[in-house]
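**Student:** Take a look and give me a structure for this.
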Amino acid sequence: MENEFSPKLIYDGQELKAKIQEAAEKVINEYDANAGWIVSVVHNEQTIFSKAYGYADIENKILNSEINTAYSIASTGKQLCAAAFLQNWELQGRPFDELKTRDLNDVLAELEELSPEFSIRFRLDDRGFHEPVTVWNLLTHTAGLEDSYVNMFADIGEDLSRFKLDPRLFNRMHLIDDSCSVRVYPPNVVHSYSNSGYVIIGYLLELLARKSYPDALRETIFNPMAMNGSTACPSYEKDAIHQKSLLPDSDPAKIVLAKPHKHIKKKDGTTKVQPLPDKENCNTIVYAPGSSVLTCPDMNKWMIMLLNRGYYQGKQILLPNTIHYMIDKQFSPFSLSQSAFNCGLRAESKMEYGNLEVLGHGGGLPGFLTDEILIPQFKMGIFVSTNAGIAKGIREIGDSIMEGIFKSFSPQQQDLFVKKPNLIKDTSKFNLKQYAGCYSVTRGMESHYTSILWKVFAPEIKLRASIDKQHLIDSKGNKYYPVEQVMQQNNVSFLFEAGPKKEDKKEKIAQKYAGISIKSLGPKQTDYYLFSPAGVFRKRKWHERAIIHRSLLAFVLGGSFVQLGYSGMKYALEEKLSNWPKASALATGVAACIFAFPTILGIHISTCSFTQAIARRLPLGAKSALRVSQLGLIVLGWTTASTLDQSAGVQDTVAVLNSTLFTGFLMYWSLRLRPKF
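**Tutor:** So this is what the prediction gives:
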């Protein structure tokens, strides 16, 4: 039975408003009273709570206003970018299947040919990966791109000419080239959050709409909904946002752009808010990933429209396919304690509220933080924003409001929210053994080097099938029971529920699902995991290699520290280093060698960048071999290039050949030349 929530169960006028205010101020009162906050809650087609706290500009004593203060919503604005792109795609009658199946570079080539005046001739480098990236991958953060902030910010007062802005539009050729060319995962493997992907989506939107990014948002989203206090890239707006009136012409109130501040904790435990120094501030030039600025009433309109599946005040704003790909569940997350992404919106399950499915997106820029929570099940939206840089308080307010609302429900009303997965009692229909193996934890926000290091140290879970073949067991005795089959990014997976920890216990999952009873809010006791047989072999293989790499790494670093101490004593006793400059030079050189292994790991070379990689990385790798334990370094260099290579087929062969060349050179350099400091 699908859970439905009647408006009559929630909407109770002043009583509900008082509960929301109490929940919000419970958190807000913990901080400096000057801190700027905006809190709003919408339900159905109404704003049921909206209030501003503190200052929009503490230096000039300008108070916050829930009516005419505009806030930078940072990455929360990615949903605006996604909606505008999908809407323009749908308006032009383009098939949505192409978003999932067509190579991004083919789409770029076609659109650039149709809109040459906006073209910068950008193509995504394959970096040795055979699988093409699609537009769908960019929209859902499954492209495997590095998350980069290169050239996305500028200091206040800085000459922006270095950004080479085209006067006709707001895209930046060098930004796209610098921040969007590094792939660290194959597509459709993990959800790896990437601002870079949305830089490309913004560029695609400009090509589709044949307008600059701010103009495309204004025409597609802002104007149809009379969001008159909203814009994008305000640093470049000729008609500055504060010159526009949100209220009727007879009212003198104008839009005020909130200024960023920072939150300082004093020694006595109290807090203080002060303006963010210019050197820590930045202009809003982050383009499509996070340049949108909205007032609270405009954000409320946007949430109401999403919750009503594209309609606002009876008018259709977003077309059916566009709203479907934003609102409806597109992926199952790797773990239900994590989140996945629809197009522009985060999707997650609130375990403490009966696996209640919520949407939303957070965002942050220097001084600004936002959080949006959408609950489509009963058409409620929560928006919280601050210009005081208080990261902890942002999510606490949203959670506090949800808790305050849910606690006011009767037990019968609470049960409407509970969504219990169906425990599979007969496991004979699928081979439980195929899920046995070693799994490693994945995470987003990866860069090339951090993804490599994370693989070496990533938490792992090794699973085996139970004797009765009814569940999986990890090395600590924790049980995992299959509960339902799901589609995991085009792969069939099974959802498993963590059960009793001790294998000898005969308890079954007859207990209530952890935290799903709204009546007993508290820490969850149960978690859910997705295991796919498609990835078991690869992960089991990596598990074995990870042990080798950790051992080699310990050997290399341990040998380096021993050599450092030995060399220091030797030179001190022989008085070969008679002054501090020479001693410092030696210590610095040895220390650099100790920390040079990420560069050696970074020898991950693909055919398209072979020459550049050799020119850039090999000399440093060769120099580091002079003081690091040579044998360990050679073995480490030999194994990493093939083991950590993300590509397949011919690229593996290329990686091995590159490794051979690299290690051969190191051996020749170390054993024959043996240069001395």
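**Student:** all helices of the stretch 101-250 of the chain, in order?
**Tutor:** In the stretch 101-250 of the chain, helices defined by DSSP state H, counting those that start in this stretch lie at 104-114, 135-139, 173-179, 195-209, 213-217, listed in chain order.
**Student:** got it, and the stretch 351-500 of the chain?
**Tutor:** With DSSP H, counting those that start in this stretch, the ranges of helices along the stretch 351-500 of the chain come out as 391-406, 411-415, 448-457.
**Student:** Confidence-wise, which of these is weakest overall?
**Tutor:** Mean pLDDT values for the helices of the stretch 351-500 of the chain show the minimum at helix 448-457, a mean of 46.
**Student:** Please work out how many residues are found near K61.
**Tutor:** Neighbour count of K61, defined by other Cβ atoms under 10 Å: 9. Heads up, the C-betas are built off the backbone N, CA and C, glycines and all.
**Student:** Which segments of this protein make up each domain?
**Tutor:** Residue ranges for the domains of the chain, per automatic domain parsing: 427-536, 539-673.
**Student:** Contacts made by the helix or strand where H324 lies with the rest, please.
**Tutor:** Using DSSP states H and E, H324 sits in helix 320-327. For helix 320-327, contacts defined as Cβ atoms under 8 Å, 6 or more residues apart in numbering pick out 79, 82-83, 86-87, 89-90, 96, 139, 306, 309-310, 318, 342-345, 359, 376.
**Student:** OK, contacts around the residue nearest to H43 when sequence neighbours are not counted?
**Tutor:** Spatial nearest neighbour of H43, excluding adjacent residues (Cβ to Cβ, 6 or more residues apart in numbering): M380 at 4.9 Å. By Cβ under 8 Å, 6+ apart, M380 lies in contact with 10, 41-43, 307, 374, 405.
**Student:** Quick check: P224 vs Q470, distance?
**Tutor:** 55 Å (Cβ to Cβ, to the nearest Å).
**Student:** from what I can see I473 touches Y480, true?
**Tutor:** Yes: I473 is within contact range of Y480, at 7.5 Å (criterion: Cβ atoms under 8 Å).
**Student:** Need the overlap of contacts for these two.
**Tutor:** Common contacts of I473 and Y480 (Cβ under 8 Å, 6+ apart): L463.
**Student:** who's more crowded, those two?
**Tutor:** Neighbours were counted for I473 and for Y480 using other Cβ under 10 Å; Y480 has more, 24 against 18.
**Student:** On the strand side of things, show who that one bridges to.
**Tutor:** On the basis of DSSP bridges, Y480 is bridged to L472, A498.
**Student:** how close does it get to V27?
**Tutor:** From Y480 across to V27, the span is 36 Å (Cβ to Cβ).
**Student:** Next: K262.
**Tutor:** 18 Å.
**Student:** Nearest to V107 among the contacts of M380?
**Tutor:** L374 (28.9 Å; Cβ to Cβ).
**Student:** Am I right that the closest one is in contact with G381?
**Tutor:** Yes: with contact defined as Cβ under 8 Å, L374 reaches G381; the gap is 4.9 Å.
**Student:** Quickly list what's touching both of these two.
**Tutor:** Common neighbours of L374 and G381 (Cβ under 8 Å, 6+ apart) are 303, 306-307.
**Student:** so who does L207 touch?
**Tutor:** Here L207 is in contact with 108, 111-112, 114-115, 118-119 (Cβ under 8 Å, 6+ apart).
**Student:** Generate a ChimeraX selection restricted to the buried entries among those.
**Tutor:** To isolate the buried members of the contacts of L207 in ChimeraX, using 16 or more other Cβ atoms under 10 Å:
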select :108,111,112,118,119
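**Student:** This completes my enquiry, with thanks.
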